[in-house]
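A.B. asks: Below are the sequence and a predicted model for it; my questions follow.
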Amino acid sequence: MIAFLARTRHPGRTDITDWLAWGWATLGTLVVAIPIAWAVISSLKTEAEINSFPPALVPRAAQTITVEGQEKPLSVWIRTAPDGSEQTVALVRRVGLSATVLDPAKPEETFRVPVTELRQLKEFHLQFSNYTEPMKQFDFLRYLWNTVFVTVVATVLTLLLNSMAAFALSKYRFAGRNAMFALILSTMMIPLSVIMVPAFMVIVGLNLADNLWGVILSTVSTPTGVFLLRQYMLTIPDDLIEAARVDAASEFRIYWRIVLPLCAPALAVLAIFSVIWRWNDFLWPLIVLSSPENYTLQIGLSSLQGQFNVQWHYILAMTVVTLLPVTVVFIFLQKYITEGVASSGVK
């Protein structure tokens with residue numbers, strides 16, 4: 001890995017181009033990685049620590065102590081007196097700029113001090129309940145299952161339907177083939193806001209409103225997928241298909257047993273794109289779905305943001321959960337991306 005990253009344009013020496021390439025690569029990596037790393041770290045912080053300023057890099061929580069006569073554990077603070085001496089105290093309550101504290105060694109005596117004399121003690125702490133509590137309180141396991149179901153089924157149907165269309169447009173000659181392909185590509189220029197209302201009316205007419213199938217079936221055919229697979233299938237020799245026909249292979253068998261296996265790199269690229277599209281889709285599920293039991297993860301995340309209160313500790317934790325499946329898919333299929341995209345542009 002180190003040898004790969006340290007490659008130069010001219011073996012044995014470096015020039016300004018190599019330094020610029022390393023600089024841009026490092027800058028791009030930092031721009032992408034720092035927000036993700038910050039989200040992961042913040043997802044393990046307490047709600048108070050997330051809202052504190054200045055923010056801390058390491059997840060911490062206030063030290064607490066159990067004091068006799070107090071119902072709940074009290075936070076531990078260091079009081080710096082005007083003469084410079086320091087004393088460990090426990091905070092009972094705070095009102096404005098004044099705080100009521102006590103000495104843990106003498107819990108029966110309380111006294112008031114200015115908050116400017118207090119400095120809170122914190123310790124390293126990982127708040128794993130940020131991940132478990134939403135699963136219990138907001139039924140995020142149900143949202144996760146709905147998202148997995150929509151993503152997997154929609155991806156399978158996308159690969160099947162788009163590959164069939166690409167096979168017909170690349171290996172069959174019929175009148176209007178190029179015009180049909182151009183019409184399919186032209187739909188890429190139509191924004192979702194234009195077809196949103198007609199598409200929803202179709203979903204309602206099919207009685208698929210507030211149904212996961214209404215989210216799936218309306219997005220399985222994509223012009224991007226047809227274009228990607230068609231361009232890749234053009235690289236498959238026609239003689240191979242003619243030989244299969246001579247051997248009495250049916251058209252479906254040629255498609256299923258010959259064309260699809262040869263298109264594995266392009267299919268992998270389309271699968272990655274499809275998983276990312278469906279997993280991160282927010283607007284269309286929000287329009288189609290209305291019952292909480294049918295929500296996907298993205299809609300579930302938005303439900304944690306209220307008008308007067310935003311539960312950032314839960315939002316960050318569930319955002320990390322939503323990132324994991326897409327990251328795993330990308331890691332296992334990334335070797336096909338370059339090959340699939342590059343080959344799709346070669347006729």
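C.D. replies: That came in fine, so what should we check first? Numbering: from 1, shown residues only.

A.B. asks: quick one: contacts of stretch 70-87?
C.D. replies: Here stretch 70-87 makes contact (Cβ atoms under 8 Å, 6 or more residues apart in numbering) with 62-67, 88-92, 101-104, 107, 113, 117-121. The C-beta positions use only the backbone N, C-alpha and C, and glycine is treated the same way.

A.B. asks: mind listing which of these are in helices?
C.D. replies: Among those, none falls in helices (DSSP state H).

A.B. asks: just the buried members of those?
C.D. replies: 62-63, 67, 89-92, 101-103, 107, 113, 117-118 (16 or more other Cβ atoms under 10 Å).

A.B. asks: and the longest helix belonging to the chain, which residues are buried?
C.D. replies: For the chain, the helix with the greatest residue count under DSSP H is helix 140-171. If you call a residue buried by 16+ other Cβ under 10 Å, then helix 140-171 has these buried ones: 140, 142-144, 146-147, 150-151, 153-155, 157-159, 162-171.

A.B. asks: Over to stretch 170-179?
C.D. replies: 170-171.

A.B. asks: So for it, mean pLDDT?
C.D. replies: For stretch 170-179, the mean per-residue pLDDT is 89.

A.B. asks: Quick one: end-to-end length of stretch 170-181, please.
C.D. replies: End-to-end distance of stretch 170-181 (Cα to Cα, to the nearest Å): 10 Å.

A.B. asks: Just the residues contacting it, thanks.
C.D. replies: By Cβ under 8 Å, 6+ apart, stretch 170-181 touches 169, 226, 230, 233-234, 236, 238, 241, 259.

A.B. asks: of all these, which comes closest to Glu133?
C.D. replies: Comparing the contacts of stretch 170-181 against Glu133 with Cβ to Cβ picks out Val226 as the nearest, at 43.7 Å.

A.B. asks: Can you pull out the low-pLDDT segments for this structure?
C.D. replies: Applying pLDDT under 70 to the chain flags residues 1-12, 306-308, 335-347.

A.B. asks: Ignoring the adjacent residues along the chain, who's closest to Phe330?
C.D. replies: Distances taken as Cβ to Cβ, 6 or more residues apart in numbering put Ile272 closest to Phe330, at 6.1 Å, once the chain neighbours are dropped.

A.B. asks: List the buried residues of the helix or strand where that neighbour lies.
C.D. replies: Using DSSP states H and E, Ile272 sits within helix 264-280. Across helix 264-280, burial judged by 16+ other Cβ under 10 Å covers 265-275, 277-279.

A.B. asks: For Glu133, give its distance to Pro59.
C.D. replies: For Glu133, the distance to Pro59 equals 16 Å [Cβ to Cβ, to the nearest Å].

A.B. asks: closest to Val194 among the buried ones among the contacts of stretch 70-87?
C.D. replies: Nearest to Val194 out of the buried ones among the contacts of stretch 70-87 is Ala62 (Cβ to Cβ; 52.4 Å).

A.B. asks: So what sits opposite the closest one in the bridge?
C.D. replies: Using DSSP bridges, the bridge partners assigned to Ala62 are Lys122.

A.B. asks: All good on my end, thank you.
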